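Novice: Compute the structure for the input listed below.
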Amino acid sequence: MALHRGSTSTIPRIMVAGTHSGCGKTTVSRGLMQALRQKGLVVQPFKVGPDFIDPTHHTAICGRISRNLDPFMMGEAGVAATFQGASAGADIAVIEGVMGMYDGLEGTATASTAHVMRILESPALLVVDVMGMSRSAHALIEGYRHFEPGIELAGVVFNQVGSSRHRAMIEEGLSIRALGFIPRTSGLGVDSRHLGLKMAFEMEEDPLPGAVVLEHCDVDGILEIAQSAPPFTADYSPRPSCPAAATIGVARDEAFCFYYQDNLERLEAAGADLIFFSPIRDPLPDADGYYFGGGYPELHAAALERAPCRMQLNRAAAQGFPIFAECGGLMYLCESITVGETDFRMAGVLPGTARMTTGIQALGYSEGRWTNGPALASPGLSMLGHEFHYSCVDPARDARFSIKLSRGKGISDGRDGMFSHESVGTYTHSYFSSAFAEAMVRAARDGPV
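Specialist: A predicted model of the protein is given here:
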């Protein structure tokens, strides 16, 4: 059934919130999605915040693309619209929270799990890691229940329960519905590295979280809570189909894998015919423009250096084809990437060199405006996104920048969007506005400048 502007749906929904990062909410979210799928339900997954990695695991489990819900980048209306549109045809929506439940932008409630709960009027489970505590868990829970008025914590899942005696100690004095007691279980977590967990495509399917949730959680009780969520109304209408105006090649493989589905759909709504390719294995496709997302070029630098796509992209940039690249894509457009003691040649499109660092260089939201640059840069157009990288780019002295950030670090001192010809590279992973998607498609349609 098509949803129309101002329409109402009764999609059951549940937020999986946590007391802090690392408490087990990703494990519970994955396990709950698997358990509901095993019950024959169509599950639509979501992730609060700008994370690219958790959604790949959700998507692999649910068979439906997991969407980010981020009020800072999308606005409250955007969160509601994305939720409404993506949930069409699903039996239940499972939303994984971010960090601790009340952790938002710079110590505020903005873009927190609790903020999204309010927007979606969603009940929540609180995941509590009880390793090293028993009765103290109740004090923690009561703080989360009453910290902000109007927040509905429907129940708690206790993680890292050490024994039946430990469980009995926690059950004594419960003041909230207990929906799970998950024992300490080896192998439940996902391996991590410098940018977080490994991507889903790097791992074999792991049924363990689902089996643990089915055995140790009240899945029927969680489903009952999700079904109690009130009717939800959002200003949403399906994006109209638009005749293809230009083809855009999108680099998507193990080196370039960080994309917001909303960005891709906005490009299509603006008239882009998207062609996906691997810069490691494929030649540069015949297209009117190119989009390189973030990812892990440093882990595949040798393969990227050997691949013919590298110099084909260099020639396309010199001919004036529009190219937009973010973070890992920015590094690929540079002259080289230094990993440890080794320099790897990259596309040489932008006047700078990239190098991996031992510590994090930037983490947080970005906000800025396009000031000048190639055709896809509309002066005055705002840009919202986030940064997260363990690398830096050393630009040439005469490097030019097309974005001035009011929030965030960018490539150098608040300058982002290094450009050459019609190519632009940013450290910001941007959430595309419709206006930017249209500018990108228009630049591709108009051809080399």
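Novice: Could you report the neighbour count for the residue lying closest to G97 once chain neighbours are set aside?
Specialist: The shortest distance from G97 to any non-neighbouring residue, by Cβ to Cβ, 6 or more residues apart in numbering, is to T113 (3.4 Å). Bear in mind the C-beta positions are built from the backbone N, C-alpha and C, glycine included. Residues contacting T113 under the criterion other Cβ atoms under 10 Å number 29.
Novice: give the contact list for T113.
Specialist: M15, A17, G18, V48, G97, V98, M99, G100, M101, Y102, D103, A124 (Cβ atoms under 8 Å, 6 or more residues apart in numbering).
Novice: In the stretch 51-200 of the chain, where is pLDDT below threshold?
Specialist: Low-confidence segments of the stretch 51-200 of the chain (pLDDT under 70): 187-200.
Novice: just to revisit the earlier point, filter the contacts of T113 down to the buried ones.
Specialist: Neighbour-count burial within those applies to M15, A17, G18, V48, G97, V98, M99, G100, M101, Y102, D103, A124; the criterion is 16 or more other Cβ atoms under 10 Å.
Novice: Sitting in strands, which of those do you find?
Specialist: Of the buried ones among the contacts of T113, the ones assigned to strands by DSSP state E are M15, A17, G18, V48, A124.
Novice: Which residue comes closest to the first one once chain neighbours are left out?
Specialist: The one in question is M15. Sequence neighbours aside, A124 is the residue nearest to M15 in space, at 3.9 Å (criterion: Cβ to Cβ, 6+ apart).
Novice: That neighbour contacts E96, correct?
Specialist: No: look at A124 against E96 with Cβ atoms under 8 Å: they stay out of range, at 11.0 Å.
Novice: Now do the contacts for L179.
Specialist: Counted by Cβ under 8 Å, 6+ apart, L179 has contacts L125, G155, V156, V157, C217, D218, G221, I222, I225.
Novice: Now with 7 Å, please.
Specialist: Counting by Cβ atoms under 7 Å, 6 or more residues apart in numbering, L179 touches L125, G155, V156, V157, C217, D218, G221, I222.
Novice: So which elements touch whichever strand or helix holds the third one?
Specialist: Element membership for V156 (DSSP states H and E) is strand 153-161. Applying 3 or more Cβ pairs under 7 Å, 6 or more residues apart in numbering; DSSP states H and E, one finds that strand 153-161 makes contact with strand 124-129, helix 136-146, strand 178-183.
Novice: now the very next helix or strand once past that strand and strand 153-161, what's the angle there?
Specialist: Proceeding N to C from strand 153-161, the next assigned helix or strand is helix 164-171, under DSSP H and E. Angle, helix 164-171 to strand 153-161, by axes from the mean of the first three to the mean of the last three Cα atoms, to 10 degrees: 150 degrees.
Novice: Buried residues, helix 164-171. List them.
Specialist: Applying 16+ other Cβ under 10 Å to helix 164-171 flags H166, R167, M169, I170 as buried.
Novice: Now these in a markdown table, please, with extra columns for distance to F324.
Specialist: As requested, the buried residues of helix 164-171 are exported to a markdown table (distance: Cβ to Cβ, whole Å):
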| residue | distance to F324 |
| --- | --- |
| H166 | 52 |
| R167 | 52 |
| M169 | 55 |
| I170 | 51 |
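Novice: Pick the one among those closest to P230.
Specialist: I170 (30.6 Å; Cβ to Cβ).
Novice: ok, that closest one touching L140?
Specialist: No: counting by Cβ atoms under 7 Å, I170 stays clear of L140, with 11.2 Å between them.
Novice: Kindly confirm whether my reading is correct that K409 touches L363.
Specialist: No: assessed by Cβ under 7 Å, K409 is found out of contact with L363, at 9.3 Å.
Novice: Touching both of these two, which residues are there?
Specialist: Common neighbours of K409 and L363 (Cβ under 7 Å, 6+ apart) are E387.
Novice: distance between stretch 255-271 and the chain's centre?
Specialist: Its chain's C-alpha centre lies 12 Å from the corresponding centre of stretch 255-271 when counted by Cα atoms, centre = their mean, to the nearest Å.
Novice: That one: end-to-end distance?
Specialist: One end of stretch 255-271 sits 26 Å from the other (Cα to Cα, to the nearest Å).
Novice: tell me the average confidence for it?
Specialist: What stretch 255-271 shows for mean pLDDT is 96.
Novice: ditto for stretch 380-393
Specialist: Confidence for stretch 380-393, expressed as mean pLDDT, is 95.
Novice: Stretch 360-373 too?
Specialist: For stretch 360-373, the mean pLDDT works out to 94.
Novice: repeat for stretch 439-448
Specialist: pLDDT averaged over stretch 439-448 gives 92.
Novice: Next: stretch 337-351.
Specialist: 97.
Novice: that older thread, tell me the one of the ones in strands among the buried ones among the contacts of T113 nearest D343?
Specialist: V48 (38.8 Å).
Novice: For the closest one, list each beta-bridge partner.
Specialist: Beta bridges link V48 to L69 when assigned by DSSP bridges.
Novice: show me the contacts for G18.
Specialist: G18 neighbours (Cβ under 7 Å, 6+ apart): K25, G97, G100, M101, V127.
Novice: Contacts only, for the closest residue to the fourth one other than its chain neighbours.
Specialist: By that I understand M101. Nearest residue to M101, sequence neighbours excluded (Cβ to Cβ, 6+ apart): A17, at 4.2 Å. For A17, the contacting residues are K25, G97, M101, T113, A124, L125, L126, V127, by Cβ under 7 Å, 6+ apart.
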